[in-house]
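> Sequence isn't available, so here's the structure alone:
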């Protein structure tokens with residue numbers, strides 16, 4: 001009886017351990033979340049944007065899904081920083097009071 005209880009307990013322990021490890025690995029592979037989705041060319045192409053700004057596209061042929069790998073287009077935010085002129089509120093007010 002104790003042998004059977006040991007086997008059942010060991011089996012449950014291994015199932016829990018396997019699930020825990022698999023959940024952590026799947027979470028690590030998830031990557032960035034999709035924040036934008038659109039179609040282009042009369043629905044001929046799917047375009048997806050992730051939370052990191054990466055853009056992917058996947059062509060669709062004949063209006064039905066053709067399993068092709070998504071193609072990395074580029075990063076939406078990779079244009080670099082935008083140069084701005086730092087100005088105080090006093091400067092802004094004086095600019096428009098003239």
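All right, it came through fine. For clarity, every value in this text was computed on a predicted model and none was experimentally measured. Numbering: from 1, shown residues only.
> I'd like the distance between the closest residue to residue 73 other than its chain neighbours and residue 69.
Once flanking residues are discounted, residue 73 sits nearest to residue 55: 4.3 Å by C-beta to C-beta, 6 or more residues apart in numbering. Glycine gets a C-beta too; all of them are placed from N, C-alpha and C. Remark: distance between residue 55 and residue 69 (C-beta to C-beta, to the nearest Å) = 15 Å.
> okay, those two: which has more neighbours?
Under the neighbour definition other C-beta atoms under 10 Å, residue 55 and residue 69 were set side by side, and residue 55 has more, 17 against 7.
> tell me the SS of that one?
The three-state label for residue 55, taken from DSSP: H, G, I helix; E, B strand; the rest coil, comes out as strand.
> For the nearest residue to residue 59 once chain neighbours are set aside, give me its contacts.
Closest residue to residue 59 apart from its sequence neighbours, by C-beta to C-beta, 6+ apart: residue 45 at 5.3 Å. If a contact means C-beta atoms under 8 Å, 6 or more residues apart in numbering, then residue 45 has 39, 57-60 as its contacts.
> Neighbours of residue 40, how many?
Taking other C-beta under 10 Å as the definition, residue 40 ends up with a neighbour count of 11.
> Which residues are in contact with it?
Contacts of residue 40 were listed using C-beta under 8 Å, 6+ apart, and they are 47, 57.
> and the top helix by length along the chain, which residues are buried?
When every helix of the chain is counted residue by residue (DSSP state H), the longest turns out to be helix 2-29. Along helix 2-29, not one residue counts as buried under the neighbour rule (16 or more other C-beta atoms under 10 Å).
> What average pLDDT does it get?
Looking at helix 2-29 alone, the average pLDDT works out to 77.
> Ok, stretch 49-61 next?
The average pLDDT within stretch 49-61 is 81.
> can you list contacts of that stretch?
31-37, 40, 43-48, 66, 68-78.
> at 7 Å what do you get?
Contacts to stretch 49-61, defined as C-beta atoms under 7 Å, 6 or more residues apart in numbering, come from residues 32-36, 43-48, 66, 68, 70-77.
> gap between it and the chain center?
Stretch 49-61 sits 10 Å away from the centroid of its parent chain (C-alpha atoms, centre = their mean, to the nearest Å).
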